[in-house]
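Trainee: below: sequence and its predicted model.
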Amino acid sequence: MESLNKITISAEALRHNFAVCRHHAGDAGILAMVKADAYGHGMIECAGIFVEEGAVALGVAEVVEGIKLRKAGFTVPVFILAGIINQTSQAAVENNLTPVVVDNSALGELNKYARRAGKEIDIHVKLDAGMGRQGTLPEGIVALVKEIDAYPCLNTKGVLAHFPMADDRQSSNSDDVLETFSSTARLIEKEIPHHCMYHIANSGGLFYVRGAQFDMVRPGISLYGCYPDGETGRQAATKNLLKPAMCFTTSVIQVRNVDKGVGVGYGHSFFTGRPTTVAVIPVGYEDGYLRKLSNTAQVLINGHRAPVIGRISMNLTLIDATDVGPVNVGDQVVLLGPQGSEEITADEIAGWMDTINYEVLCLFGHMNDRVFID
């Protein structure tokens, strides 16, 4: 029997969003980010859709994710973007994954296992062009590339970096990072005259930073229908709007009529201010619907918004359904997505949770049953 709580993923929306990214990418190849189980949308299913639509590569964080893609039959390059260490080198080589190296610490192991396998490995180098998180600084990048190329079984195939503030279109940071990346690329080409791929654009870079496409782009959140700057980006978009791919629905499991002045839920954090129709739904923080949403969030019932009341518990949430018309056990409740003319967005939930749309999608997608539609 299926759970009452269900995540639905629209394949049509995923294909539409890929086409929007394709438009922005120009001639650059698209490396589709499917890490974190495709941001909660299902890594294997989403990877299949994006490859069908023309993705030239897939991006994950860890080797274990890459192995799952290989076992599922994917043959396109799979980038390990969080980097390779000695302990993951053998598995990366054996599964034909594309190592991203942040320094020289894993080069010896990569070369050893490549030599044993009788093959050469293409390496992409992570440049810290201003992110301040991982990678080699510009002044050390040429030496690292030369060191890689000195190993008989390793080849420097590409150089990548990250934008730390591409979701803020008012910041000059992205222009500074882009200039650092571009000037470092010119230096590499001057000092080491062989072709490298260069890529830096995440979703924010792809949508908002002019000239960031280079040879390849790496969209993530935009593939799943959200803008990197949340509702600000959606309101600013005038055409080719992204389509949210995820919906989260459940069903009413009890309807109760309570008097004015009744405390509801743990700690009685809410008291009814009038005679109230309370709808109980089987959703709680176990399902990613965090306690932070208590007395704050809204859901959709009968096409109308209804507030969450009381403290969200592990498996149950209470809804004030007084103003939404007749409510019965079994009626659909939408926590994320459209119903009638209304819609609850990931950006809206992120605002209630004091976080970002990425976290909302990952939480809901990871912690509930998923079904692909259309």
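Mentor: Nice, thanks for sending it over. Here the structure is a predicted model, which means the values were calculated and not measured.
Trainee: the nearest residue to residue 315 once chain neighbours are set aside: how many residues sit nearby?
Mentor: Excluding its sequence neighbours, the residue lying closest to residue 315 (Cβ to Cβ, 6 or more residues apart in numbering) is residue 284, at 4.4 Å. Any C-beta I mention is one placed from the backbone N, CA and C, and that applies to glycine too. Counted with other Cβ atoms under 10 Å, the neighbours of residue 284 add up to 18.
Trainee: how much space separates residue 284 from residue 153?
Mentor: Noted for residue 284: a distance of 52 Å to residue 153, by Cβ to Cβ, to the nearest Å.
Trainee: so who does the residue nearest to residue 315 touch?
Mentor: Applying Cβ atoms under 8 Å, 6 or more residues apart in numbering to residue 284 gives the contacts 312, 313, 314, 315, 316, 317.
Trainee: ok, now which ones touch the last one?
Mentor: Counting by Cβ under 8 Å, 6+ apart, residue 317 makes contact with 280, 281, 283, 284, 289, 308.
Trainee: can you tell me which of those is closest to residue 86?
Mentor: Of all the contacts of residue 317, residue 86 sits closest to residue 289, with 40.2 Å by Cβ to Cβ.
Trainee: re earlier: per-residue pLDDT, the residue nearest to residue 315?
Mentor: Model confidence at residue 284, given as pLDDT, is 98.
Trainee: again with residue 74
Mentor: 98.
Trainee: secondary structure class for it?
Mentor: Per DSSP: H, G, I helix; E, B strand; the rest coil, the local secondary structure of residue 74 is coil.
Trainee: element containing the nearest residue to it once chain neighbours are set aside?
Mentor: Leaving out its chain neighbours, the residue that sits closest to residue 74 by Cβ to Cβ, 6+ apart is residue 47, at 6.0 Å. Using DSSP states H and E, residue 47 sits within helix 43-53.
Trainee: what packs against that helix?
Mentor: Under the contact definition 3 or more Cβ pairs under 8 Å, 6 or more residues apart in numbering; DSSP states H and E, helix 43-53 sits against helix 11-25, strand 29-33, helix 35-40, strand 57-60, helix 63-71.
Trainee: in the chain, which helix is the longest?
Mentor: helix 173-191 (DSSP state H).
Trainee: buried stuff in that helix?
Mentor: For helix 173-191, the buried set under the neighbour-count rule, 16 or more other Cβ atoms under 10 Å, comprises 174, 177, 178, 180, 181, 182, 184, 185, 188.
Trainee: how's this structure carved up into domains?
Mentor: Annotated domains of the chain cover 11-236, 246-344 [automatic domain parsing].
Trainee: ends of the first one, how far apart?
Mentor: The reference is to domain 11-236. In domain 11-236, first residue to last residue: 25 Å (Cα to Cα, to the nearest Å).
Trainee: quick one: it to chain centroid distance?
Mentor: 14 Å (Cα atoms, centre = their mean, to the nearest Å).
Trainee: and stretch 14-33, what's its mean pLDDT?
Mentor: Mean predicted confidence for stretch 14-33 is 97.
Trainee: about what we covered before: closest to residue 207 out of the helices and strands packed on helix 43-53?
Mentor: Closest to residue 207 of those is helix 11-25 (Cβ to Cβ; 6.0 Å).
Trainee: distance of residue 237 relative to residue 231?
Mentor: Counting by Cβ to Cβ - residue 237 and residue 231 are separated by 11 Å.
Trainee: which one's more surrounded, those two?
Mentor: residue 231 (16 against 13).
Trainee: isn't the more buried one right up against residue 345?
Mentor: Yes - counting by Cβ atoms under 8 Å, residue 345 is a contact partner of residue 231 at 7.1 Å.
Trainee: so what's the residue count around residue 154?
Mentor: Neighbour count of residue 154, defined by other Cβ under 10 Å: 22.
Trainee: actually residue 32, not the one I wrote
Mentor: Counted with other Cβ under 10 Å, residues neighbouring residue 32 total 26.
Trainee: state the pLDDT value of the residue most central in space within the chain.
Mentor: Against the mean C-alpha coordinate of the chain, by Cα atoms, centre = their mean, the closest residue is residue 39 at 3.7 Å. Per-residue pLDDT puts residue 39 at 98.
Trainee: for it, give me its contacts.
Mentor: By Cβ under 8 Å, 6+ apart, the neighbours of residue 39 are 33, 220, 221, 224, 358, 361, 362, 365.
Trainee: and if you look at residue 175?
Mentor: Shown in contact with residue 175 (Cβ under 8 Å, 6+ apart): residue 209.
Trainee: let me have the helices and strands packed on helix 43-53 in a markdown table, extended by distance to residue 165.
Mentor: As requested, the helices and strands packed on helix 43-53 are exported to a markdown table (distance: least, Cβ to Cβ, whole Å):
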| stretch | distance to residue 165 |
| --- | --- |
| helix 11-25 | 18 |
| strand 29-33 | 18 |
| helix 35-40 | 20 |
| strand 57-60 | 20 |
| helix 63-71 | 26 |
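Trainee: nearest to residue 209, out of these?
Mentor: Residue 209 lies closest to helix 11-25 among those, at 10.6 Å (Cβ to Cβ).
Trainee: where exactly do the helices run in the chain?
Mentor: Under DSSP H, the chain gives helices at 11-25, 35-40, 43-53, 63-71, 86-94, 107-117, 138-150, 173-191, 203-208, 231-236, 346-353, 357-366.
Trainee: flag every buried residue along the first one.
Mentor: If I follow you right, that is helix 11-25. So, applying 16+ other Cβ under 10 Å, buried residues of helix 11-25: 11, 13, 14, 15, 16, 17, 18, 20, 21, 22, 24, 25.
Trainee: picking up where we left off before, relative orientation of the longest helix of the chain and helix 138-150 in degrees?
Mentor: Orientation check (axes from the mean of the first three to the mean of the last three Cα atoms, to 10 degrees): helix 173-191 against helix 138-150 gives 40 degrees.
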